[in-house]
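In: sequence-free structure coming up:
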């Protein structure tokens, strides 16, 4: 089983001002999505995603990035830092979810004739 991965950042919550800085990102909404190379019975690939938010600390003028200059890579770096995880650790967690989805350890069954 091989998975491909993608980060998505559907929105950023920003404070209009913080000290002398404007549009300061305070919260990042993220999705980390894995798509399997295996397909479900309907032909669509299996997918798993981790979704959440991370809060960022106070802005620093020394390392501040203008809101319109923020990149997805920077959001990924900030998110992983706030989660205290590496991307490899995130992949391991989501791969475990994918394995459970494709080969569940427990399945619901009803005896025939009920």
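Out: Sure thing, it's come through. Since the model is a prediction, treat every value here as computed from it, not as a measurement.

In: Contacts for the top helix by length along the chain, please.
Out: The longest helix of the chain (DSSP state H) is helix 87-102. Helix 87-102 is contacted from outside by 1, 3, 5, 32, 34, 36, 38, 46, 48-50, 76, 80, 83, using Cβ atoms under 8 Å, 6 or more residues apart in numbering. Every C-beta, even on glycine, is put in place using the N, C-alpha and C of the backbone.

In: Mind checking which of those are in strands?
Out: The members of those that map onto strands under DSSP state E are 3, 5, 32, 34, 36, 38, 46, 48-50.

In: By neighbour count, sort out the buried ones in those.
Out: 3, 32, 34, 36, 46, 48 (16 or more other Cβ atoms under 10 Å).

In: farthest pair in these?
Out: In those, two members sit farther apart than any others by Cβ to Cβ. They are 32 and 46, at 15.2 Å.

In: quick one: which of the ones in strands among the contacts of helix 87-102 is nearest residue 22?
Out: Proximity to residue 22 was ranked across the ones in strands among the contacts of helix 87-102 by Cβ to Cβ; first place goes to residue 32, at 29.1 Å.

In: so where's the protein shaky on pLDDT?
Out: Residue ranges of the chain with pLDDT under 70: 1.

In: try 90 this time
Out: Scanning the chain for pLDDT under 90 picks out the ranges 1, 19, 57-63, 114.

In: looking at it, which residue lies furthest from center?
Out: residue 113 (44.2 Å; Cα atoms, centre = their mean).

In: Secondary structure element holding that one?
Out: Using DSSP states H and E, residue 113 sits within no helix or strand.

In: Next: residue 11.
Out: strand 3-18.
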